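A.B. asks: need coordinates for the following:
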Amino acid sequence: MPNPTRPINPSATPAPWWRFPMVWLVLAGPALVVVASFATLTLAILNPDPVLTAPAATTASELPAVQGRNHAASPKLGP
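C.D. replies: Numbering: from 1, shown residues only. Sure, this is the predicted structure:
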């Protein structure tokens, strides 16, 4: 029966941290997220959304819908 307090190979030196695959799995996740965020930032800067210049309501039948949208989007004042 092996003794749990006695090391298996006492003359062996511990391996450096970069030799363990689990370290690379732990570091790869956050590194991948940082790279993806920079790729997303690049796409957002190079391809901005166009500004729409269409009028809000072109006919009288669309006017109630536009007024309702504006009313719903306006900030609430008071209690």
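
A.B. asks: could you use CA atoms for every contact and neighbour count after this?
C.D. replies: Noted.

A.B. asks: what average pLDDT does stretch 58-68 get?
C.D. replies: The pLDDT scores in stretch 58-68 average 81.

A.B. asks: can you name the residues in contact with that stretch?
C.D. replies: With contact meaning CA atoms under 8 Å, 6 or more residues apart in numbering, stretch 58-68 is reached by 56-57.

A.B. asks: any stretches of this structure with poor pLDDT?
C.D. replies: 1-7, 10, 78-79 (pLDDT under 70).

A.B. asks: strands along that one, start to end?
C.D. replies: For the chain, none of the segments meets the definition of strands by DSSP state E.

A.B. asks: number of residues surrounding Q67?
C.D. replies: Close neighbours of Q67, defined as other CA atoms under 10 Å, add up to 13.

A.B. asks: and for L63?
C.D. replies: With neighbours defined by other CA under 10 Å, the count for L63 comes to 13.
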